[in-house]
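[1] Provided below for reference: sequence and predicted model.
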Amino acid sequence: MNRILISGTNSNCGKTTITMALLAAFQNKGLEIASFKSGPDYIDPMFHRKVFNVETHNLDPYFSTEQMLCDQFIRNCGKDLSIIEGAMGFYDGIGVEGRASAWEVAKSIKAPAVLIIDAKGMSNSAAAIIKGFKEFKEESMVEGVIFNGISPMLYPLLRDIVEKEGIKAYGFLPREEKYSIGSRNLGLITADEIEDIKEKINGLRELAEKYIDLDGLYELAKSAQVLEASDDFKELIQSSKTDSNEPKTRIAVSRDNAFCFMYKENIEILEDLGCEVVYFSPLEDEELPKDISGLYLCGGYPELYTGELSKNRKLCDEIKDIIERGIPTIAECGGFMYLHDSIENVPMVGFIKGNCIKTDKLQRFGYIEIKALQDNLLCNEGDSIRVHEFHYYDSENCGEAFMAKKASNGLEYLCCHGSDSLYAGFPHIYLPANPDFAKSFVANARKWKG
């Protein structure tokens, strides 16, 4: 369970770049690694899987209790090393209290934290910043610093300044624009969209090997405390390994460049419940997988592929028909948009009436809790689950089956479509946040006969 958490003083301080540099450098040492991202992030985990071929998962204190975070980490940690990347600034989270921050992740899983500081133009101020972070909480977990965007000439001065205050410096990464990786409104550009990605990652690896104390970081990771799994988690894992003669329930899950936002934990809980997950591409496949009993249309970027999705009429018509016949279906955010009559007036599946349109700002952004106003596929009236929203597009028909309540300010609004066989809406669901939702989906899938 060797582990470190990489966080920063603020967003855009270089923690993602340095995390990638470390993943590449430790892999080059022959270590078997897993990576994690704190918060509701799809892009970075997807990027890590594609570029580094590592197991990648989310750790989110808004969705999970402290013990759940430990269980999730234990289940998916790397054989030699796990690197967790924090979201935003180390203590930044929901509201004044900063709930669900990277610090909460570090504290919950007892991970030593290394702070990234963009230290260009700093000297003694760097020590004030890192000391402030270390002393802000009694159990801060902050054990060191890596500087970003500085020159080799400046590093010895910064190192001596912070180490004089008893804070270990683990090196730096110089600013190299040729190794930068672009972004769009939801985060990093996907790995498939970067032609010279291998060159960029190799460049970052070489910089890390030259300027970062990899051996020191590995020793720090090895100093992390042992974690204990809960009894419920142990029983779940044991039961999922028990052989059964019953045929597995097949769940079709969308997966391609248009539909690529899916929590790995959602797939794992479906598999733990005895499902066989079969993937298909709405961009390339003309028909759904055979013998399925459930359909999961995840989020992504359908707005970037409206032409290709619309031309695949055979699949669109099959999806509309099978949903109308009652196959248990989850469709979230991009998958929800896909089910509409159209996106920007380009024809889509046509199951949900209305058009999806682009807006000039984020719509209903952030953590929310949704409460069912009627019995539906996933739960009974009055049941709730914590979810999140992050989208620039809006719908003429968002639905009224759930009431959403924002975690940050308590604002409430209606959302989502629901029926005995359907959950469809903009909110992204993290099924482990309320496993009963997953159990209900699977139970209904087992009963469905097409």
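    Cool, the structure landed. This is a predicted model, so every value here is computed, not measured. Numbers count the residues shown, from 1 in each chain.
[2] Okay, now the sheet partners of the strand ranked longest in the chain, with direction.
    For the chain, the strand with the greatest residue count under DSSP state E is strand 352-372. Applying DSSP bridges, strand 352-372 is found paired with strand 340-343 (parallel), strand 384-395 (antiparallel), strand 402-406 (antiparallel).
[3] so which of those comes closest to residue 276?
    strand 384-395 (24.1 Å; CB to CB). To be clear about C-beta, it is placed using only N, CA and C from the backbone, and glycine gets the same treatment.
[4] Let me know the average pLDDT across that closest one.
    The average of the pLDDT scores along strand 384-395 is 90.
[5] how far is it from where the chain is centred?
    14 Å (CA atoms, centre = their mean, to the nearest Å).
[6] May I see the buried residues of that strand?
    Buried residues in strand 384-395, counting neighbours by 16 or more other CB atoms under 10 Å, are found at 384, 385, 386, 387, 388, 389, 390, 391, 393, 395.
[7] what's the helix or strand for residue 379?
    Using DSSP states H and E, residue 379 falls within no helix or strand.
[8] State whether it and residue 372 are indeed in contact, as I suppose.
    Yes: here residue 379 reaches residue 372: they are 5.1 Å apart, a contact under CB atoms under 8 Å.
[9] residue boundaries of the strands in the stretch 201-350 of the chain?
    249-254, 275-280, 294-297, 329-332, 340-343, 346-347 (DSSP state E, counting those that start in this stretch).
[10] Walk me through which strands the fourth one pairs with, and which way each runs.
    If you go by DSSP bridges, strand 329-332 pairs up with strand 294-297 (parallel), strand 422-425 (parallel).
[11] circling back to that earlier point, can I get the longest strand of the chain as PDB, trimmed to CA atoms?
    What follows is strand 352-372, C-alpha atoms only, in PDB (Å, rounded to 0.1, in the frame of the first residue of the first chain):
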ATOM      1  CA  ILE A 352     -36.700  11.900 -25.100                       C
ATOM      2  CA  LYS A 353     -38.600  14.800 -26.800                       C
ATOM      3  CA  GLY A 354     -36.700  18.000 -27.200                       C
ATOM      4  CA  ASN A 355     -33.500  19.500 -28.400                       C
ATOM      5  CA  CYS A 356     -30.100  20.000 -26.500                       C
ATOM      6  CA  ILE A 357     -28.500  23.300 -27.000                       C
ATOM      7  CA  LYS A 358     -25.000  24.700 -26.200                       C
ATOM      8  CA  THR A 359     -24.900  27.600 -23.700                       C
ATOM      9  CA  ASP A 360     -22.100  30.000 -22.900                       C
ATOM     10  CA  LYS A 361     -21.500  28.900 -19.300                       C
ATOM     11  CA  LEU A 362     -21.600  25.900 -17.100                       C
ATOM     12  CA  GLN A 363     -25.100  24.700 -16.200                       C
ATOM     13  CA  ARG A 364     -25.900  23.500 -12.700                       C
ATOM     14  CA  PHE A 365     -22.200  22.800 -12.000                       C
ATOM     15  CA  GLY A 366     -21.000  20.900  -8.900                       C
ATOM     16  CA  TYR A 367     -22.000  18.300  -6.200                       C
ATOM     17  CA  ILE A 368     -25.700  17.700  -5.700                       C
ATOM     18  CA  GLU A 369     -27.900  15.200  -3.900                       C
ATOM     19  CA  ILE A 370     -31.000  14.000  -5.900                       C
ATOM     20  CA  LYS A 371     -34.100  12.700  -4.100                       C
ATOM     21  CA  ALA A 372     -36.700  10.600  -5.900                       C
END
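[12] What residues sit buried inside it?
    352, 355, 356, 364, 366, 367, 368, 369, 370, 372.
[13] again with stretch 439-446
    Neighbour counts over stretch 439-446 (16+ other CB under 10 Å) mark 440, 441, 442, 444, 445, 446 as buried.
[14] Contacts for that stretch next, please.
    249, 251, 270, 273-275, 293-294, 328, 330, 377-379, 420-421, 423 (CB atoms under 8 Å, 6 or more residues apart in numbering).
[15] which one among those residues gets closest to residue 130?
    Taking the contacts of stretch 439-446 together and measuring to residue 130 by CB to CB, the closest member is residue 270, at 42.5 Å.
[16] OK, contacts around the closest one?
    251, 277, 431, 438, 441, 442.
[17] Quick check, residue 211 in contact with residue 173.
    Yes: at 6.2 Å, residue 211 and residue 173 qualify as touching, with contact defined as CB under 8 Å.
[18] Just want to know which of these two has more residues nearby.
    Higher neighbour count among residue 211 and residue 173: residue 173, with 23 against 19, using other CB atoms under 10 Å.
[19] Report the beta-bridge partner residues of that one.
    Judged by DSSP bridges, the bridge partners of residue 173 are residue 148.
[20] need the strands paired with strand 352-372 in a markdown table with distance to residue 123, can you?
    A markdown table is the format used below for the strands paired with strand 352-372 (distance: least, CB to CB, whole Å):
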| stretch | distance to residue 123 |
| --- | --- |
| strand 340-343 | 52 |
| strand 384-395 | 38 |
| strand 402-406 | 41 |
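[21] Mind checking those for the one nearest to residue 100?
    Per CB to CB, nearest to residue 100 of the strands paired with strand 352-372: strand 384-395, 9.7 Å.
[22] rewinding a little: report the two of the buried residues of strand 384-395 separated the most.
    Of all pairs in these, the most separated under CB to CB is 384 and 393 at 25.0 Å.
[23] give the contact list for residue 26.
    For residue 26, the contact set (CB under 8 Å, 6+ apart) comprises 33, 80, 81, 83, 214, 218.
[24] top of those residues by neighbour count?
    Neighbour tally across these (other CB under 10 Å): the maximum, 28 neighbours, falls on residue 83.
[25] quick one on the thing from earlier: pick the one among the contacts of residue 270 closest to residue 301.
    For the contacts of residue 270, the nearest to residue 301 is residue 277 (21.3 Å; CB to CB).
[26] Let me know whether the closest one touches residue 254 as I believe.
    No: when contacts are counted by CB under 8 Å, residue 277 is not listed as touching residue 254 (11.2 Å).
[27] More neighbours: those two, which one.
    Of the pair residue 277 and residue 254, residue 254 is the one with more neighbours under other CB under 10 Å, namely 27 against 19.
[28] what about the more buried one, distance to residue 262?
    Per CB to CB, to the nearest Å, residue 254 is found 8 Å from residue 262.
[29] and what of residue 294?
    In terms of CB to CB, residue 294 sits 14 Å off from residue 262.
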